[in-house]
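Trainee: Have a look at this prediction, sequence included:
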Amino acid sequence: MRPVLVVGATGALRPAALVLVRDGRPVAGLSRRSGPDTGIDHVAADWSDAAALEGALETAGPFSDALVYAPGAGPSVADAVRRHTDGTVVLTLTSAAAAPPPLDFDLERLRRPGFVLLQLGWASGPRWHTPAEISEGALMALADGRSRVLGRVRPWSERPA
C-alpha cells in the first residue's frame, strides 16, 4: 500500500497524520523537522531547494494521496507533491488567500486543477482553528473529494488578530 503524504505532519496536520496511522494507512510526513516516533515515516526536505524537494519526494513516493499545509512555501511545493501523488491532493490555504477584494468570497476563484481545496477561515469567538479542527477538515476533504471552507472568511473585519 502506497503511503499518504502529509506536509505539515509535525504541525497543523499532525492530528490527521495520527488518525491515518491509527486507521492502518502508511504515512510519510514531509517536514522541515522530525517529530516524535508515532508511526509516521518522516521525509526531511528543504522546501526552498526545488531539487532537494523533488529528490526527497522521488525517494519516498509515489504517494496514494496527500494532505498539504505549507503556508509560505509557495505553489512550487504543492505542484511537486501533485507530480508524485496518484490520488487526491488536499491543499490547505490560510485565511490570507480569502482576503478581500472581492467583498463576497467565492472558493471557485481559487480553484487549482488537480487539487481539492481546504480554505481556512476562523471559528466563532473569533479565534483561529486548532490543529485538530484543521485536520478534521482536511480528512473530510480527502474522504469526499470536495473543496470546502473551514469556518468563516467574512466579514473580514471580524478576522482574529
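Mentor: Cool, the structure landed.
Trainee: Leu57 versus the most centrally placed residue in the chain, what's the distance?
Mentor: By Cα atoms, centre = their mean, the mean C-alpha position of the chain lies nearest to Val68, the distance being 2.4 Å. Distance from Val68 to Leu57, counting by Cβ to Cβ, to the nearest Å: 12 Å. Where you see a C-beta, it was placed from the backbone N, CA and C, and this is true even at glycine.
Trainee: okay, and the common contacts of the two?
Mentor: Counting by Cβ atoms under 8 Å, 6 or more residues apart in numbering, the shared contacts of Val68 and Leu57 are Leu5, Val81.
Trainee: hmm, back to that, tell me the backbone dihedrals of the residue nearest to the centre of the chain, please.
Mentor: Backbone torsions of Val68, given as degrees, to the nearest 10, read phi -130, psi 120.
Trainee: Renumber starting at 57 from here on
Mentor: That works, and once the first residue is 57, the last one we named lands at Val124.
Trainee: How about it: what's its closest non-neighbour residue?
Mentor: Once flanking residues are discounted, Val124 sits nearest to Val63: 4.4 Å by Cβ to Cβ, 6 or more residues apart in numbering.
Trainee: what's the answer for Gly177, then?
Mentor: Once flanking residues are discounted, Gly177 sits nearest to Gly207: 3.5 Å by Cβ to Cβ, 6+ apart.
Trainee: could you point out which element follows the helix or strand of the chain with the lowest mean pLDDT?
Mentor: Sorting the helices and strands of the chain by mean pLDDT, DSSP states H and E puts strand 96-100 at the bottom, at a mean of 87. Sequence-wise, the next helix or strand downstream of strand 96-100 (DSSP states H and E) is helix 106-116.
Trainee: which residues make contact with that next one from outside it?
Mentor: Outside helix 106-116, the residues touching it (Cβ under 8 Å, 6+ apart) are 59, 61, 84, 86, 97, 99-103, 132-133, 136-137, 139-140.
Trainee: Appreciated, that's everything.
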